[in-house]
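Visitor: have a look at this fold, sequence not included:
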């Protein structure tokens, strides 16, 4: 008997028929003798409907009231699912974040979980019931409803799994796992059976939208085995056996260190949401980087890659990247301070993308970077900026070369699906 | 400074613009120095939308889960109103039934309020805040959400007013008060400035749909002054002065016993939802009434008027009325037991209505019944059944005579609006 936390997102809960399908899957797991806790998001579209109501009243709705209201989306979904499970002949009860209780700090709209009282859930499970919990929400010690911010239902799932010491936290979504890269870019993309928390974090932060970053961090911190799998695959029979554990979806877990079997690179992530800004000919003296970047970060613009050229004639060039929606704003800020920082020229380019190789195997293998640059050179792709971390190498290139870069790197690093492997259904 | 509980129904909260209007009215009251607690229903249509979702999952949704879900309608409305009040520059906070806490028994879908912890509300009011509370809901001692049944928001308002010792509980609705009779039947109907709890109970139970019966009982029991008034009259300036207290809406209050000024009849109620069943020629012996009515009430069919004829030749006729939706079912039950009760004939008539005179003044005035029968006779209206209580006389007549009966009785008992009285706006 395993204790499994299952999380279903808005798409999986999108219609009454889909909710009934979720109930049937829960039944299969329950019938196999497992204890099941289900975390749900609001039905897709519902949260936006509620936000729209609030914004008709105020462009900046009171944060406490906003949370009181928007949390009802998950509350409706949880009770509908509990009804549907009961309709399958299985006892079930739904609980809001407050009823469970998921205690958070009082940062409305993006609260952080501080504690979970797991006694109630354990009692319900011991009584043979399925427990359905509203994702994305909690309650303060004063009894105010809070929300964890968008995508926070993943975090609820992981936090519950950690509190309960669950055998696994299963994140059901509309894809059947984590892929070596986006299958829309190369048909040779392969589903990964396993990936480490660190790799998943890099993949997620680089634009793979399968999981919310905070939930992966949380799962890594508490070492909760996390599995991404499809809510549209109805063939799963609810067995938590070796076949399931090795093959279904993608298991995100701790690095077991057995590098023999570990590929050097686990996946290729990319992010189209990049823009580059170049500040040319600033005097190369201490404080120049700060003089350029402080007004940018004061405007709450996030900076990603940063490059400072070697000095020539006491002058230097300074480049950095921002998210595309912040591009115009960043340029305007720099135009304002151009004279102060004595820059000769400021220009930008929002026609760039970031491509990254990710893999824990990189740590023990030299030469990943040189092989990457060689592959790109062979394909006449110019590298504009480079940044590295222990398990990641990123390059900034022209957007037009994105597909070519991903495909050729995918093949060169041995990630391609082989003839024998069947393409996973659902993509 | 007065402490006022205001309750707004689904129509008053029907659109974002109407919610903004409610916020403006609350502001006027607050600006006049009064402490305001607002109870809200769900935006009109929202509860039905939620029930429809539940019924797509189950024809008999689990009662606990149903309450968890349907209670979100008021939760959304309360937070939207709190946002709108805050947008008016006034501090406000919304609370669910659980947050307040309104403790109920655990009869899901039609729970009864057992206790209200008023400390939280008093603290918020003392801090100068407007308190917005979700109507229609409560929480059990175990933390399960309950609902009070349809229309229960009125009960929430009255219960809060009782717990807080409020100066008045104002029920804002889409009519501007309680009328002597339905203005759609006679244009001479007059708004009542005052009515007693007992009269209001009779009016309500006889089909005047302005207030929920339970809330009137509750208000009577705890002697909470209850006022029905229009949420569409924007001329009220939020003053709780003598003019307001004597003239605005209809005040439902205790019988002050000053019969000198009291009219004999306060109003004429009627109910179209009636059907008559006649069981002819049953042996007139003890137990016959029980033999006829027990299977009817076992089928949860409510019986209203009952008439047993004087016996002739050891046989008698037995008549009673039921709600029209139960008519066919009741006839079918009687057909089944016709042989057992040795009835000669069973027939029915669902083309009947009940017309009732209501007034506490009736107690001290003889002759109301005879005058009523005389007026009906003069209009050639045949009376099929009669029932009376201390402050009410009801007759059953053919539906086609309803308008004629109400109009002639309205005039005969001096209820008509005089030339001088202006017709109240909004009807």
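Guide: Structure's in. What do you need? Remember, it's a predicted structure, so these values are computed and weren't measured experimentally.
Visitor: from here on, contacts and neighbour counts on C-alpha atoms
Guide: Fine.
Visitor: contacting residues for residue A:110?
Guide: With contacts defined as CA atoms under 8 Å, 6 or more residues apart in numbering or on different chains, residue A:110 is in contact with A:146-149.
Visitor: A strand includes it, no?
Guide: No. Residue A:110: not assigned to a strand; according to DSSP: H, G, I helix; E, B strand; the rest coil it is coil.
Visitor: how close does it get to residue A:147?
Guide: 6 Å (CA to CA, to the nearest Å).
Visitor: how about the residues of chain A by chain B?
Guide: A:16, A:20, A:53-54, A:56-58, A:61-62, A:65-66, A:68-70, A:72, A:75-76, A:79-80, A:82-84, A:86-87, A:93-94, A:99, A:143-144 (CA under 8 Å from any CA of the partner chain).
Visitor: the helices in chain A, which residues?
Guide: Using DSSP state H, the helices found in chain A span residues A:16-31, A:46-57, A:63-70, A:72-87, A:97-100, A:119-126, A:152-164, A:197-205, A:213-221, A:242-247, A:288-298, A:327-337, A:368-378, A:402-412.
Visitor: what sits up against stretch A:281-292?
Guide: With CA under 8 Å, 6+ apart, stretch A:281-292 has contacts from A:311, A:314-318, A:334, A:341-345.
Visitor: same question for it, mean pLDDT?
Guide: For stretch A:281-292, the mean pLDDT works out to 87.
Visitor: could you do stretch A:165-173 as well?
Guide: Across stretch A:165-173, pLDDT averages out at 95.
Visitor: need the contact partners of that stretch.
Guide: So stretch A:165-173 is contacted by A:2-9, A:11-12, A:154, A:157-158, A:161, A:210, A:224-231 (CA under 8 Å, 6+ apart).
Visitor: then stretch A:293-309?
Guide: A:316-323, A:326, A:330, A:333, A:385-387.
Visitor: farthest from the middle of chain A: give me that residue.
Guide: Distance from the C-alpha centroid of chain A, by CA atoms, centre = their mean, peaks at residue A:313 (44.6 Å).
Visitor: nearest to chain B: which residue in the stretch 151-300 of chain A?
Guide: Closest to chain B within the stretch 151-300 of chain A is residue A:153: 18.3 Å, counting by CA to the nearest CA.
Visitor: shouldn't that residue be in contact with residue A:133?
Guide: No. Look at residue A:153 against residue A:133 with CA atoms under 8 Å: they stay out of range, at 9.7 Å.
Visitor: neighbour count: these two, which is higher?
Guide: A count of neighbours by other CA atoms under 10 Å in any protein chain shown puts residue A:133 above the other of residue A:153 and residue A:133, at 34 against 29.
Visitor: where are the low-confidence patches of the stretch 1-150 of chain A?
Guide: A:150 (pLDDT under 70).
Visitor: what about 80?
Guide: Scanning the stretch 1-150 of chain A for pLDDT under 80 picks out the ranges A:149-150.
Visitor: average pLDDT for stretch A:328-343?
Guide: pLDDT averaged over stretch A:328-343 gives 93.
Visitor: how much distance is there from that stretch to the middle of the chain?
Guide: Averaging C-alpha positions (CA atoms, centre = their mean, to the nearest Å) puts stretch A:328-343 33 Å from its chain's average.
Visitor: what sits up against stretch A:238-249?
Guide: So stretch A:238-249 is in contact with A:2, A:25-26, A:28-32, A:176-178, A:191-193, A:227-230, A:251, going by CA under 8 Å, 6+ apart.
Visitor: just want the angle from the lengthiest strand in chain A to helix A:197-205.
Guide: Longest strand in chain A, counting residues (DSSP state E): strand A:267-283. If you take axes from the mean of the first three to the mean of the last three CA atoms, to 10 degrees, strand A:267-283 sits at 70 degrees to helix A:197-205.
Visitor: partner strands of strand A:267-283 and their direction?
Guide: If you go by DSSP bridges, strand A:267-283 pairs up with strand A:315-323 (antiparallel), strand A:345-358 (antiparallel).
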